[in-house]
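Trainee: have a look at this fold, sequence not included:
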């Protein structure tokens, strides 16, 4: 039997959580191997975050050209060649992949191609490759799109996010099953590029988990965009239509005829066969690996991070969990991720970004709160951009003696709010009080000053916000 190659840390999976762990560990001087069955970067880089946002940026450019005449710029009739769009998307992905691979190799990280699974005594077995032994092992095999009965994926009529990101042309009409973040991003992009979009969501609203004011604004603006929003409806199956397309059967409602269907009902962890029979590595009924706050499984020096644990399936959460796992492995002080305060970004048009408690959750927790809202309509930069839909909403705890306590949550919908969330995220996580934040100088004219204005209004001495 060949002796396994020895490393300080072996990581199974090369997505954001996996390569994040590898880079963080290598910077601490550890010898690291990453086992990846496809390409490092994982779903986020190759079939998720990055390519999806590139297509959304195409939609942004298309909107800009369509409205250029409002700025006195003559550009002619806008049209879309989706094949060229896909070529650019792939160029961006390939450039980032080459850069990531180069950084990993420059750090001395061993990249091993193949499907890995955990065996006994910290040995990772690689299909078609060498066995690897680590003093520690991090499992980070990521996720895949979930599917639902009655909608078998064929990449022609029925698609998941994977297939949408490989289209060479957009359908003329589409039903998107699922009104969460991913479904709404695809709906926004396709509608902006000329597709007739219908969202089918089984829950009572779009974007379940978002603040109710954000949901109300997005629902209104989606309908204004021409997107048909049907909530509280179940999609039961489909069959070919008589005149082309396909007929989607809905529970208790009329059938819907469309050219294509996108199933966007969340993502499932990829854990099958990952650690079968390994004592202490438990997988629950949903397929998630069970861990504690330090990302430790029940096996010594075996961790799990990213989409295979039952935490928010966000790339940056995977990065944070990777750091916690590596620090714990090193014996350093590690701080568990506070999942109630992580940043969320949804790249629809307009964008959504938030962190902390919603107003509903804060009140349900019995907290006495003060709330302020600032519409982007009064923001100078938003007016300049011609993007005035949306608002900033800030929720603070009411303190004693009339003084406001900590910020509990910040919720934004509007132009480029994903780029504005940083100061709100820091404020919520540092439990800053509005009086403290109001002392900071906000640059003008900027979109980001809307946050500062809203917080200042909480102190009772707002400028433009009452």
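Mentor: Nice, thanks for sending it over. Predicted model only: the values in this text are computed from it and were never measured. Numbering: from 1, shown residues only.

Trainee: what count of nearby residues applies to the residue nearest to residue 107 when sequence neighbours are not counted?
Mentor: Closest residue to residue 107 apart from its sequence neighbours, by CB to CB, 6 or more residues apart in numbering: residue 26 at 4.1 Å. For the C-beta atoms, the positions are set from N, CA and C on the backbone; glycine is no exception. For residue 26, the neighbour count with other CB atoms under 10 Å is 21.

Trainee: may I ask which helix or strand encompasses residue 26?
Mentor: According to DSSP states H and E, residue 26 maps onto helix 16-27.

Trainee: next SSE downstream of that helix?
Mentor: According to DSSP H and E, the helix or strand after helix 16-27 is strand 32-36.

Trainee: name every strand pairing with the biggest strand by length in the chain and say which way it goes.
Mentor: Criterion DSSP state E: the longest strand present in the chain is strand 404-414. If you go by DSSP bridges, strand 404-414 pairs up with strand 351-356 (antiparallel), strand 391-398 (antiparallel).

Trainee: so the helix ranked longest in the chain versus strand 32-36, what angle?
Mentor: Ranked by residue count, the top helix of the chain under DSSP state H comes out as helix 82-106. Here helix 82-106 runs at an angle of 150 degrees relative to strand 32-36 (axes from the mean of the first three to the mean of the last three CA atoms, to 10 degrees).

Trainee: picking that back up, hey, which of the strands paired with strand 404-414 is tucked in deepest?
Mentor: strand 351-356 (a mean of 25; mean count of other CB atoms under 10 Å).

Trainee: quick one: low-confidence parts of the protein?
Mentor: 1, 464-466 (pLDDT under 70).

Trainee: can we see that at 90?
Mentor: Residue ranges of the chain with pLDDT under 90: 1-5, 75-78, 120-122, 128-129, 168, 240-245, 252-253, 399-403, 459-466.

Trainee: spatially central residue for it, please.
Mentor: Relative to the mean C-alpha position of the chain, the nearest C-alpha, by CA atoms, centre = their mean, is the one of residue 314, at 4.6 Å.

Trainee: my read: that one touches residue 337, true?
Mentor: No - look at residue 314 against residue 337 with CB atoms under 8 Å: they stay out of range, at 10.6 Å.

Trainee: list the contacts of residue 280.
Mentor: Counting by CB atoms under 8 Å, 6 or more residues apart in numbering, residue 280 touches 297, 298, 299, 300, 302.

Trainee: check residue 51 too.
Mentor: Residues near residue 51 by CB under 8 Å, 6+ apart: 89, 90, 92, 93, 165.

Trainee: what's the distance between the closest residue to the first one other than its chain neighbours and residue 411?
Mentor: When you say that, I think you mean residue 89. In space, and not counting its chain neighbours, residue 89 is closest to residue 54: 4.4 Å by CB to CB, 6+ apart. Remark: distance between residue 54 and residue 411 (CB to CB, to the nearest Å) = 26 Å.

Trainee: repeat for residue 193
Mentor: Between residue 193 and residue 411 the computed distance is 28 Å (CB to CB).

Trainee: between the two, who's got more neighbours?
Mentor: Looking at residue 193 and residue 411 with other CB under 10 Å, you find the greater number of neighbours at residue 411, namely 29 against 17.
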